[in-house]
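# What would the 3D arrangement of this be:
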Amino acid sequence: MAFCSSQPPYLNPGIPFSGKIQGGLQDGLKITINGTVLYCNGTRFAVNFHSGYSDRDIAFHFNPRFEEGGYVVCNTKQNGTWGPEERKMHMPFQMGHPFELCFLVDSGDFKVTVNGSHFVQYSHRVPFHRVDTLSITGAVQLSFISFQSTGVWPVNSAPITQTVIHTVHSTPGQPFPNPVIPPVVYPTMTYPVPFFTSIPGGLYPSKSIFVSGTVLPTAQRFHINLRSGSDIAFHLNPRFDENVVVRNTQINSSWGSEERSLSRQMPFARGRSFSVWIICEGYGLKVAVDGQHLLEYSHRLKNLPAINNLEVGGDVQLTHVQA
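The predicted model follows:
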């Protein structure tokens, strides 16, 4: 089965959210939702897969509820009538904490993972190909919703890439621009660490790189490197033993001066999921974590097209990489 084009992600969508799933649900489609559970605005949130924008027909209702010790309700609504509930008496989400929620559409069911761990399977009660709309409501703040059409992923095969051309213009010190899709998608369910891949065409203004995963509970450090041959043009290094995010450049095996200051608190935490979005500008790099701008880093290596490799290593489990 051939790989299908993935639609651009929704970035920082507001709540309540409702958006189209281009081409509808298909076998092998993976939808990833990254956000944070809020303390306020109630004790529930819901992810709904609709046929159209009406709430009369919901193929899959995924509904974490924080009352009564916490549990998750799964259900289907047909012609305005709910079917029997399926309850998972376990709460994988925590109020005030970020999360990564993934739905993989299979021929027989939805497979749901939370923060990289399998959580539940929900058998289709209605034909899933009728679903063309996703909605999210309740006590959450969203960072992004991404789509990967993985089709059939053969064992031990190399990633197949998909290219999307995009143009973004922004200025130093300004917030991140509106929706952008980084151009290469690796439709795997797991990634080895350390992880290495090429950046086709290298860096250039408007080029985006996206990495998401979960920090291991006993993590000391991890790093994201943008490399130019044996040099490291950009080294992003969260250190939990020092509670700092170090940035640096290594040329001819020698490190330059470290940059450590941040405009806000350390955004990474042991045991929590994260998303890092790096966008290249002419003057330097912008970095956002969990949808919020974190820092800027001026280019020290000026030959941007030669910066053509991505490396991720250390105490993390990766769930999504786009370069």
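# all helices of the stretch 151-300 of the chain, in order?
Taking DSSP state H, counting those that start in this stretch as the criterion, the stretch 151-300 of the chain carries no helices.
# residue ranges with poor pLDDT in it?
151-190 (pLDDT under 70).
# The same query, at a cut-off of 80, please.
Low-confidence segments of the stretch 151-300 of the chain, defined by pLDDT under 80: 151-191, 291.
# Tally up the residues packed near residue 220, please.
Using other C-beta atoms under 10 Å, residue 220 has 13 other residues around it. Where you see a C-beta, it was placed from the backbone N, CA and C, and this is true even at glycine.
# ignore the last one, residue 249
Considering only other C-beta under 10 Å, residue 249 is surrounded by 22 other residues.
# need the contact list for it.
Going by C-beta atoms under 8 Å, 6 or more residues apart in numbering, residue 249 touches 231, 232, 233, 234, 235, 255, 256, 300, 301.
# And these, which is closest to residue 62?
residue 234 (37.0 Å; C-beta to C-beta).
# May I have the residues that are in contact with the closest one?
Taking C-beta under 8 Å, 6+ apart, one finds 224, 225, 226, 247, 249, 278, 285, 297, 307 in contact with residue 234.
# okay if I get those as JSON lines plus distance to residue 313?
Supplementary listing: the contacts of residue 234 in JSON lines, determined by distance: C-beta to C-beta, whole Å:
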{"residue": "224", "distance to residue 313": "9"}
{"residue": "225", "distance to residue 313": "8"}
{"residue": "226", "distance to residue 313": "13"}
{"residue": "247", "distance to residue 313": "16"}
{"residue": "249", "distance to residue 313": "17"}
{"residue": "278", "distance to residue 313": "16"}
{"residue": "285", "distance to residue 313": "19"}
{"residue": "297", "distance to residue 313": "19"}
{"residue": "307", "distance to residue 313": "17"}
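# which of those residues tops the neighbour count?
With neighbours taken as other C-beta under 10 Å, the top of the contacts of residue 234 is residue 226, carrying 27 neighbours.
# Quick check, it in contact with residue 306.
No. Contact criterion C-beta atoms under 8 Å: residue 226 and residue 306 do not qualify, at 10.6 Å.
# show me where the stretch 201-323 of the chain has strands.
Assignment of strands within the stretch 201-323 of the chain using DSSP state E, counting those that start in this stretch yields the ranges 208-215, 222-228, 231-239, 244-251, 254-255, 273-280, 284-289, 292-298, 309-314, 316-322.
# Tabulate those strands in CSV, adding columns for distance to residue 115.
Putting the strands of the stretch 201-323 of the chain into CSV (distance: least, C-beta to C-beta, whole Å) gives the following:
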stretch, distance to residue 115
strand 208-215, 5
strand 222-228, 16
strand 231-239, 17
strand 244-251, 21
strand 254-255, 33
strand 273-280, 5
strand 284-289, 16
strand 292-298, 19
strand 309-314, 17
strand 316-322, 8
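# What's the ChimeraX line that selects buried ones from the contacts of residue 249?
Those of these that count as buried under 16 or more other C-beta atoms under 10 Å are selected in ChimeraX with:
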select :231,232,233,234,235,300,301
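# re earlier: identify whichever of the strands of the stretch 201-323 of the chain lies nearest to residue 60.
Of all the strands of the stretch 201-323 of the chain, strand 316-322 comes closest under C-beta to C-beta, at 20.6 Å.
# Okay, buried residues for that closest one please.
316, 317, 318, 319, 320, 321, 322.
# One more: stretch 85-97?
88, 91, 92, 93.
# Is it correct that the last one falls within a helix?
No. According to DSSP: H, G, I helix; E, B strand; the rest coil, the state of residue 93 is coil, so it is not within a helix.
# Residue 24: which of the strands of the stretch 201-323 of the chain is closest?
Closest to residue 24 of the strands of the stretch 201-323 of the chain is strand 316-322 (C-beta to C-beta; 21.8 Å).
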